[in-house]
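[1] the following comprises the amino acid sequence and a computationally predicted model.
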Amino acid sequence: MPTLNTKLASLELRNPTLLASGILGISADTLEMVFRAGAGAVVTKSISLEPREGHRNPTIVGLEHGLLNAIGLANQGAEAFKEELQKMRGEKRPIIVSIVGRDSEEFAKAAALLDDAPVKAFELNLSCPHVKGYGLELGSDPSSVAEIIKAVKKRTKKPIFVKLSPNVTDVVQIAQVAEEAGADAITATNTIRAMAIDIESFKPILSNKVGGLSGPALKPVALRCVYEIYQQVKIPIIGCGGITGWQDAIEYLLAGARAVQIGTAITYKGLKVFDEVIKGITSYLLKMNFKRVDELVGLSHKA
Amino acid sequence: MAYLIKPEKPRMKRVKKVVKETESFTTIFFDDEGCKRAKPGQFVMVWLPSVGEVPMSLSNIDVNGLCSITVKPVGPTTTRLCEIKENELIGIRGPYGKGFTLASGRVLLVGGGVGVAALLPLAQHLVKNDSLVTFIIAAKSSKELIEPTHIKELLCPPHYLLIATEDGSRGVKGLATDLLAQVLEQEEYSMVYTCGPEKMMRKVFETAERRRIKIQASLERYIKCGLGICGSCCVGKYLLCKDGPVFESEQLKEVLDEFGKKKRDSSGRFIEL
């Protein structure tokens, strides 16, 4: 049987699927459910230093080929979430905590606070597209990206992943800056800035007006980001964006991702999407005569 | 691709009728095909453009071709909804969630305050299904008592409608749970359904458990996506918008540290109920 085990920085994953940040990951119970569904690792909801209530509803709109969300980084705050994570002390599979802040000090403090929780790595949210002062605003500025990574590295020895936005002029440049500053992996990508307007009331539907587009519509864009980043950086890339079936996962691996994150697809297919993707990858490897899933990584770049 | 839940934009509907249920509550009627097919106990996300979006149980499902929600003013959106006029626009997503399962034989419904609204379609379905229905409707005072005419007409013998108010301004003076204890002394019931303040439902559950009677309770939590992905509405390992809002005894037993005791606020932190 082909092996799906893979390594992401120093993390050992039993298979190359991870839960994407922002989906289900606000409590120990729900994260547990995702592990039981077969995910190789989970990325939690983005956690800020102080608790955040997030935006008012409507925070989600279903569109033709994806979801529009402006949840607004709602989270319990680092102190309370650390207690939540303690419930998962015994978990062997990697829990990656996403952290978010308005400047390098907030990022560093959040990482320091959470460092002795059951955390195997941190994913820095430098890409949320719908909250003023957070995410994309920092992640589109190379010097902020470098400063934040360096500040976090001073407070934790754990691997640092950086989640980038497709909404920048040159995502490859940001990825290179991140690598140079010491990031251990790149997650490509977060959602695209987008909106929807109701034609009967004439109003934008989201209370925040602008949100992030995820799901199938995002896939060709994020896939292109992975492909281009792979050409220029050596650290591993985690593909994220519109993966709903095993074929999507394979595309991302071929583009250069070592692993993939799944989020929005859970709305469409439920948690059994993990099993479906894992089984599909295994069948593909068998059919195409591969022994290990990491043989696929970057294959589309070969002449 | 096969969809479990098909995410959608809000369906825009004009308000057809507004009924002041009591001094406190307002029932808003609208015409929507999706909601006409809802099961009792399911809920919808109601968008009031420029104001907000809130989860509401359906209080009428295809009654004279219309559906409704019954609103208590507790926050900015519900307060504004209570002032809505005919022909104004609201957006509807859903129906979502797991509704009530119909039981046969003699059944008991226990509703507290605005929670009674969620039980109304259930009462109609149970009567149509030839169950024998006893409905306890309770509230702090007559100001918060939901007693729609069509339910009073529906629950004439062999069914029972029992009313209790804490201040005695209508019906028997006392709590829903006082009446419940008396009623359970007198008859055997195959199922108890309840919706209302969660501390009340916890007591209903414990009383029923002592007599080995199963219950179905409709709970409430902070809901954002309504689709089972943001996790905001979690109760233990359950997602209220997808696995609930109706939970059975066996499920409630798994979340006893939260049920009737605490819930998560919009940031996800626990607050005491």
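    Now that the structure is in, tell me what you want to look at.
[2] neighbours of the residue of chain B found nearest chain A, how many?
    Among all residues of chain B, B:P7 sits closest to chain A, at 2.6 Å; criterion: C-beta to the nearest C-beta. Bear in mind the C-beta positions are built from the backbone N, C-alpha and C, glycine included. Per other C-beta atoms under 10 Å in any protein chain shown, the neighbour tally for B:P7 reads 21.
[3] what do you get for B:K237?
    B:K237, neighbours per other C-beta under 10 Å, totals 16.
[4] cool, and B:A118?
    29.
[5] and it, what does it touch?
    B:41, B:57-59, B:111, B:195, B:218 (C-beta atoms under 8 Å, 6 or more residues apart in numbering or on different chains).
[6] the residue nearest to it when sequence neighbours are not counted and B:G111, how far apart?
    Leaving aside its chain neighbours, B:A118 sits nearest to B:S57 (3.6 Å; criterion: C-beta to C-beta, 6 or more residues apart in numbering or on different chains). Computed as C-beta to C-beta, to the nearest Å, the B:S57 to B:G111 distance reads 11 Å.
[7] overlap in contacts, the two.
    B:117-118, B:195.
[8] helices - which of those residues land there?
    Among the shared contacts of B:S57 and B:G111, DSSP state H puts B:117-118 in helices.
[9] looking at the shared contacts of B:S57 and B:G111, which is nearest A:L164?
    When those are compared for distance to A:L164 (C-beta to C-beta), B:A118 wins out at 44.5 Å.
[10] gap between that closest one and B:I146?
    10 Å.
[11] overlap in contacts of those two?
    B:G111.
[12] where does residue 254 land on pLDDT?
    If you meant another chain, say so; for now it's chain A. Note for A:L254: predicted pLDDT of 98.
[13] the chain in question should be chain B.
    We have a pLDDT of 97 for B:E254.
[14] which residues of the stretch 1-150 of chain A lie near chain B?
    Proximity of the stretch 1-150 of chain A to chain B, by C-beta under 8 Å from any C-beta of the partner chain, involves residues A:22-27, A:29-30, A:32-33, A:45, A:51-54, A:56-63, A:67, A:69, A:71, A:74-77, A:80-81.
[15] repeat that for 7 Å
    Taking C-beta under 7 Å from any C-beta of the partner chain as the measure of proximity, the stretch 1-150 of chain A contacts chain B at A:23-27, A:29-30, A:33, A:51-54, A:56-63, A:67, A:71, A:74-76, A:80.
[16] which of these are buried?
    Neighbour counting with 16 or more other C-beta atoms under 10 Å in any protein chain shown marks A:23-27, A:29-30, A:33, A:51-52, A:54, A:56-63, A:67, A:71, A:74-76, A:80 as buried within the residues of the stretch 1-150 of chain A next to chain B.
[17] return the distance of B:S68 relative to B:I163.
    B:S68 is 21 Å from B:I163, by C-beta to C-beta.
[18] on that earlier part again, mind listing which of the residues of the stretch 1-150 of chain A next to chain B are in helices?
    Using DSSP H, the residues of the stretch 1-150 of chain A next to chain B in helices are A:29-30, A:33, A:80.
[19] which single one of those is nearest to B:K237?
    Once C-beta to C-beta is applied, the member of those that ends up nearest B:K237 is A:D29, at 4.2 Å.
[20] contacting residues around residue 267?
    Answering for chain A, as no chain was given. A:67, B:5, B:7, B:227-229 (C-beta atoms under 7 Å, 6 or more residues apart in numbering or on different chains).
[21] the chain in question should be chain B.
    A:51-53, A:74-76.
[22] swap in 8 Å and give it another go.
    Residues near B:S267 by C-beta under 8 Å, 6+ apart: A:51-54, A:74-77.
[23] picking that back up, who does the residue nearest to B:A118 form a beta bridge with?
    Counting by DSSP bridges, B:S57 is bridged to B:F43.
[24] that one reaches B:A38, doesn't it?
    No - contact criterion C-beta atoms under 8 Å: B:S57 and B:A38 do not qualify, at 9.6 Å.
[25] who's more crowded, the two?
    B:S57 (28 against 22).
[26] pLDDT score assigned to B:S24?
    On the pLDDT scale, B:S24 gets 89.
[27] still on that earlier bit, nearest to A:A110 among the contacts of B:S267?
    Looking across the contacts of B:S267 and measuring by C-beta to C-beta, the closest to A:A110 is A:G77, at 9.0 Å.
[28] for the nearest residue to the closest one once chain neighbours are set aside, give its distance to A:I96.
    Distance criterion C-beta to C-beta, 6+ apart; nearest residue to A:G77, sequence neighbours excluded, is A:P51 at 3.6 Å. Applying C-beta to C-beta, the value for A:P51 to A:I96 is 21 Å.
[29] ditto for A:K291
    Distance from A:K291 to A:I96, by C-beta to C-beta: 27 Å.
[30] got the CA coordinates for the strand or helix carrying B:L179 in CSV?
    B:L179 is part of helix B:176-186 when elements are defined by DSSP states H and E. Below are the C-alpha coordinates for helix B:176-186, written out as CSV (Å, rounded to 0.1, in the frame of the first residue of the first chain):
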residue,chain,number,x,y,z
ALA,B,176,-44.0,25.2,34.1
THR,B,177,-42.1,22.7,36.0
ASP,B,178,-44.6,22.7,38.9
LEU,B,179,-47.4,21.9,36.4
LEU,B,180,-45.2,19.3,34.8
ALA,B,181,-44.7,17.5,38.0
GLN,B,182,-48.4,17.4,38.6
VAL,B,183,-49.2,16.2,35.1
LEU,B,184,-46.7,13.4,35.2
GLU,B,185,-48.3,12.2,38.4
GLN,B,186,-51.6,11.7,36.6
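[31] which positions in it come out as buried?
    B:176-177, B:179-180, B:183-184.
[32] okay if I get these as a markdown table plus distance to chain A and pLDDT?
    Shown next, in a markdown table, are the buried residues of helix B:176-186 (distance: C-beta to the nearest C-beta, whole Å; pLDDT from 0 to 100):
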| residue | distance to chain A | pLDDT |
| --- | --- | --- |
| B:A176 | 30 | 96 |
| B:T177 | 29 | 95 |
| B:L179 | 35 | 95 |
| B:L180 | 30 | 96 |
| B:V183 | 35 | 96 |
| B:L184 | 33 | 95 |
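[33] out of A:K291 and A:I96, which sits in the more crowded spot?
    Using other C-beta under 10 Å as the criterion, A:K291 and A:I96 rank with A:I96 on top: 26 against 11.
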